[in-house]
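**Q** predicted model and sequence below, questions to follow.
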Amino acid sequence: MNIALDLTVTMGVIVTVVIAIVGWVQMGRKATNDRIASTNGRLDRHEHRISTVEQTVMGLPGKDDLHDLRIALEGLRGDMKEVRAAQAAAVDASRRQEVVIQRVEQHLLQEKSGK
């Protein structure tokens, strides 16, 4: 069996097969590139969200800030106790003054009615 290879037909088949293989590889690369591009977009969005959360967390009060706030509140509690004590003393003084004024008023009314 003597098979004579026709160069024009053989070259056409070889070129067609090579073009088909190159096209198939390019399709795989395009799909991979599309997936990489979508993944990059997702990574950019995640990076933006993470940096936003980091900025928010950096603005939150820390352990030392909360401790200082607790100490300040304790100081205010002591000040409020002093204010309550002063207010109670003022109320007592006001009651005593009211009793004195009533006595003076009674005395003046008795003098007026007695004359």
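**A** Sure thing, it's come through.

**Q** how far away from the center of its chain is the helix or strand that contains Ala86?
**A** Ala86 belongs to helix 63-114 when assigned by DSSP states H and E. Averaging C-alpha positions (Cα atoms, centre = their mean, to the nearest Å) puts helix 63-114 44 Å from its chain's average.

**Q** show me the shaky parts of this protein.
**A** When residues are selected by pLDDT under 70, those of the chain lie in 1-9, 115.

**Q** domain assignment for this protein?
**A** The chain breaks down by automatic domain parsing into domains covering 1-60, 63-115.

**Q** in TSV: those, plus mean neighbour count.
**A** Heads up, the C-betas are built off the backbone N, CA and C, glycines and all. Converted to TSV, the domains of the chain look like this (neighbours: other Cβ atoms under 10 Å):
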stretch	mean neighbour count
domain 1-60	9
domain 63-115	10
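
**Q** sec struct for Gly23, please.
**A** For Gly23, the secondary-structure state derived from DSSP: H, G, I helix; E, B strand; the rest coil is helix.

**Q** and it, how far from Arg29?
**A** Going from Gly23 to Arg29 by Cβ to Cβ, to the nearest Å gives 11 Å.

**Q** distance check, Val91 against Gln97.
**A** In terms of Cβ to Cβ, Val91 sits 11 Å off from Gln97.
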